[in-house]
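Novice: okay, here's the prediction I keep looking at, along with the sequence it came from:
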Amino acid sequence: MNHTFQDWTALAAATNSEVLNWADSQPWARQMAGCSQDADWHAEGDVWTHSRLVCAELERLTEWAGLTRADQLQLLLAALFHDSGKPTTSAPDPDSGRIRSPKHALTSAEIARRVLRELGCDLKTREEIVSLVRYHSRPPYILEKENVEREVISLSWLVDTRLLYCLALADTRGRHTKEMSRPEENLHLWKMVAEELGCFGAPYPFANSQARFLFFRGKLSSLHYVPREDHRCTVTLLSGLPGAGKDTWLSQNRPALPVVALDAIRDSLDVDATDNQGTVVQSAREQCRIHLRAGRNFAFNATNITRQMRQRWIHLFEDYNARIEIVYLEPPLATILAQNRRRANPVPEKVILGLLEKLEPPTFAECHGLLLVESCGPDENKHLSMSWSKHTDPRPIRAVRRVRAPFEPRAVGDLSRRRKLGLRIKKVNGIALSSGKGRNLLQSRPRILWREPHPGFHHPTTKQDIAQLLIAIGPSGIYGLRSVELTRAPVGGGACSLVFGRYEAPGRILLFEQPLPPWRLRGLLVKEQVERLERAGAVVTPIRQLGATLVDWPGDTLKRFMLEEVLLHELGHHVLQHCKAKRRARIARTKDHEAFATLFAAKQRMVLAKRNSSSE
């Protein structure tokens, strides 16, 4: 039975089987059904058969039941569209003769955007589905990337990495192949890297918007670098088709801003839109430079519908250290055409429809702030703000803000918010505004407590050692951590057993006293224990005739072991427990908890080692 949906609302309310039946009857799906694939890579048959298999595999994923219906629908539609560009891109390779489909993901994304726009899908949901289609083939080839971390971090700001992982996994499983060029292990590695970076299901937590802006422009020297946000001015770059309502939005939301508008410059120079635009562009650049030199906020109003169009202006604004916010407007096509007809000099509809095919909505990879606007008529002003949302303000990003100013009102420490309030204002009702500068990261939390050890025992680390390590780890590791306590060994511990530390939810790490070295332990240590101690620099000598083990710690090796092995391991337990929004209840099996803590500690040791080597 074929289903016909008149609009997005009806499609969103449909069941999976109804959506699949609808897709079967669509022209793009029929083209996929007639497109053959390489028999070695896709023995299941044509492109549409593969897409249906991917949809079936989605529902078999263990993650599927935990998704919201909105996420499930996005994945289902992304699976249907992900190879829709193959019919127009597939061709035999001239050397091997095998069928290949170069850049089919780009074409597939364009098809998905067009179909979803015609259905009336809302802008935010549409672009999330399009992003899944656009980047669906990236995770399986992670090992081919020169910089794996950069690849994962970049994707985290362009697409929901959690949904992308599910789609890539179903895409891998939904095929019959003789040559598996994309093993599942690659996908699990991709997920592990995203989790370790704190960007699985959330954007990577850059220190601020300037750090993110520099990262995407290849100018961020280190992920740990916190660049200053002392911008000379803010440029509001408008983007949208002719008739989208850019002038209306400016008059309603930025009425005091001076505007550099290409349409106005054309009128003043008496240049038609079909004529050579060299003089118009040159005049616009000079007007922009006047505002930029003066450090004056202004708006730049032009269509700017493609990334390439926007980049030439963004380069100019960046040269003057301006903060760049992009406002993208896309009301329904019928509204755009109606508003265009009401203009004094309407643009031919054929031109607008041609521009519509080239449309590339902006992303956070281009700017400091992004605002998506679906309508801005006199009676409605529907904005989709992406600059402060659940997706762009996840727990790791909040960690930086809240550790920096734990007892101040929300957003007091945020520089952009402070700029809105006005940095020149020194007092409000006689109370000085705190600047948030020069503040010690550990001024108020977590507390570091010290308790006198038993005779014959000592604490290998000091409070200062712990404070320095926590500062080096940064807010993402200590967010929610209440205390680190140098305390006495638990009952049953002591010189005859290995008890180093413990994590107690919520947010409490215990580092236990240790005997003065050398240690004489009853019994022989197992291989894993010996390897762990020797890796930290200990000298382990088994005394088999006495059934004992002698452990000596030369130099500061015991201190380093307690910091880089024990404390970092317990911090890993804390990060997992706290980031899952749980408190006292254990959120994972002991095996999984330990695995995560071990990976976290290893990752942090690598980061600290790189930082130390670079500083030398």
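Specialist: The structure has been received and is ready for your questions.
Novice: pretty sure residue 568 sits against residue 601.
Specialist: Yes - if you go by C-beta atoms under 8 Å, residue 568 and residue 601 touch, sitting 3.8 Å apart. (Glycine included, C-beta is placed from N, CA and C.)
Novice: show me what secondary structure element comes after the helix or strand where residue 286 lies.
Specialist: Following DSSP states H and E, one finds residue 286 within helix 278-294. Next helix or strand after helix 278-294 toward the C-terminus (DSSP H and E): strand 298-301.
Novice: show me what that next one is packed against.
Specialist: Judged by 3 or more C-beta pairs under 8 Å, 6 or more residues apart in numbering; DSSP states H and E, strand 298-301 is in contact with strand 234-239, helix 246-253, strand 259-261, helix 278-294.
Novice: among these, which is nearest residue 510?
Specialist: The closest of these to residue 510 is strand 234-239. By C-beta to C-beta, the value is 48.0 Å.
Novice: that closest one: how far from the chain's middle?
Specialist: 23 Å (C-alpha atoms, centre = their mean, to the nearest Å).
Novice: what is the rounded mean pLDDT of that strand?
Specialist: Strand 234-239 carries an average pLDDT of 96.
Novice: CA-only coordinates of it, as PDB, when you get a sec.
Specialist: Only the C-alpha atoms of strand 234-239 are listed here, as PDB (Å, rounded to 0.1, in the frame of the first residue of the first chain):
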ATOM      1  CA  THR A 234      30.700  42.800  15.800                       C
ATOM      2  CA  VAL A 235      29.600  42.200  12.200                       C
ATOM      3  CA  THR A 236      26.100  40.800  11.600                       C
ATOM      4  CA  LEU A 237      26.200  39.000   8.200                       C
ATOM      5  CA  LEU A 238      22.800  38.400   6.700                       C
ATOM      6  CA  SER A 239      22.300  35.400   4.500                       C
END
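Novice: now that strand: buried residues?
Specialist: Across strand 234-239, burial judged by 16 or more other C-beta atoms under 10 Å covers 234, 235, 236, 237, 238, 239.
Novice: so what's the last one up against?
Specialist: Residues counted as contacts of residue 239 (C-beta atoms under 8 Å, 6 or more residues apart in numbering) are 303, 304, 305, 310, 326, 327, 328, 329, 361, 362.
Novice: if we go to 6 Å?
Specialist: 304, 326, 328, 362 (C-beta atoms under 6 Å, 6 or more residues apart in numbering).
Novice: tell me the most packed of those residues, by neighbour count.
Specialist: residue 328 (27 neighbours; other C-beta atoms under 10 Å).
Novice: what's the distance between that residue and residue 372?
Specialist: From residue 328 across to residue 372, the span is 5 Å (C-beta to C-beta, to the nearest Å).
Novice: now the common contact residues for the two.
Specialist: Between them, residue 328 and residue 372 share no contacting residue, judged by C-beta under 6 Å, 6+ apart.
Novice: from the contacts of residue 239, which single one is nearest residue 6?
Specialist: Nearest to residue 6 among the contacts of residue 239: residue 328, at 26.9 Å, using C-beta to C-beta.
Novice: C-alpha coordinates for the one helix or strand the closest one maps to, PDB please?
Specialist: Assigned by DSSP H and E, residue 328 belongs to strand 323-329. Written as PDB, here are the backbone C-alpha positions of strand 323-329 (Å, rounded to 0.1, in the frame of the first residue of the first chain):
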ATOM      1  CA  ARG A 323      33.300  39.100  15.900                       C
ATOM      2  CA  ILE A 324      31.200  37.500  13.200                       C
ATOM      3  CA  GLU A 325      27.600  36.500  13.700                       C
ATOM      4  CA  ILE A 326      25.600  35.100  10.800                       C
ATOM      5  CA  VAL A 327      21.800  35.500  10.600                       C
ATOM      6  CA  TYR A 328      20.300  33.000   8.100                       C
ATOM      7  CA  LEU A 329      16.700  33.500   7.000                       C
END
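Novice: show me the strands in the stretch 51-200 of the chain, by range?
Specialist: All strands of the stretch 51-200 of the chain, identified by DSSP state E, counting those that start in this stretch, fall at 91-92, 99-100.
Novice: just the terminal-to-terminal distance for stretch 459-467.
Specialist: End-to-end distance for stretch 459-467, by C-alpha to C-alpha, to the nearest Å: 15 Å.
Novice: now do it: distance to the chain's middle.
Specialist: Here the centre of stretch 459-467 is set off from its chain's centre by 34 Å, with C-alpha atoms, centre = their mean.
Novice: point out where this protein drops to low pLDDT.
Specialist: Applying pLDDT under 70 to the chain flags the ranges 1-3, 178-182, 375-445, 491-497, 579-588, 614-616.
Novice: by contact count, what packs against the strand holding residue 328?
Specialist: Here strand 323-329 touches strand 234-239, strand 369-375, going by 3 or more C-beta pairs under 6 Å, 6 or more residues apart in numbering; DSSP states H and E.
Novice: residue 575 is in what secondary structure piece?
Specialist: Going by DSSP H and E, residue 575 is part of helix 568-579.
Novice: ignore what I typed, I meant residue 20.
Specialist: In the assignment (DSSP H and E), residue 20 maps to helix 16-24.
Novice: and the next helix or strand after that helix, what's buried?
Specialist: Elements were assigned by DSSP H and E; along the chain past helix 16-24, the next helix or strand is helix 27-33. By neighbour count, and taking 16+ other C-beta under 10 Å as the criterion, the buried residues in helix 27-33 are 28, 29, 31, 32.
Novice: need the residues you listed in a markdown table (columns: distance to residue 172).
Specialist: Conversion of the buried residues of helix 27-33 to a markdown table gives the following (distance: C-beta to C-beta, whole Å):
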| residue | distance to residue 172 |
| --- | --- |
| 28 | 23 |
| 29 | 22 |
| 31 | 24 |
| 32 | 19 |
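Novice: re the thing from before, let's have the helices and strands packed on strand 323-329 in a markdown table, adding distance to residue 525.
Specialist: As requested, these are exported to a markdown table (distance: least, C-beta to C-beta, whole Å):
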| stretch | distance to residue 525 |
| --- | --- |
| strand 234-239 | 62 |
| strand 369-375 | 56 |
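Novice: for residue 284, which of those strands is the nearest?
Specialist: For the helices and strands packed on strand 323-329, the distance to residue 284 is smallest for strand 234-239, at 12.1 Å, taking C-beta to C-beta.
Novice: list the strands paired with the closest one, with their directions.
Specialist: Note on strand 234-239: by DSSP bridges, its sheet partners are strand 298-301 (parallel), strand 323-329 (parallel).
Novice: with adjacent residues omitted, what lies nearest to residue 559?
Specialist: Residue nearest to residue 559 in three dimensions, not counting chain neighbours: residue 460, with 4.6 Å by C-beta to C-beta, 6 or more residues apart in numbering.
Novice: ranges for the strands of the stretch 451-600 of the chain?
Specialist: Counting by DSSP E, counting those that start in this stretch, the strands of the stretch 451-600 of the chain are 457-458, 483-487, 501-504, 508-512, 514-515, 519-522, 539-543, 548-552.
Novice: against which helices or strands is the fourth one packed?
Specialist: The one in question is strand 508-512. Using 3+ C-beta pairs under 6 Å, 6+ apart, the elements in contact with strand 508-512 are strand 483-487, strand 501-504.
Novice: what's the most buried one of these?
Specialist: Between these, strand 483-487 has the highest mean count of neighbours, a mean of 21, where neighbours are mean count of other C-beta atoms under 10 Å.
Novice: can you list contacts of it?
Specialist: Residues contacting strand 483-487 (C-beta under 6 Å, 6+ apart): 446, 447, 448, 449, 450, 451, 459, 466, 508, 509, 510, 511.
Novice: for stretch 273-282, same thing?
Specialist: For stretch 273-282, contacts defined as C-beta under 6 Å, 6+ apart pick out 265, 266, 271.
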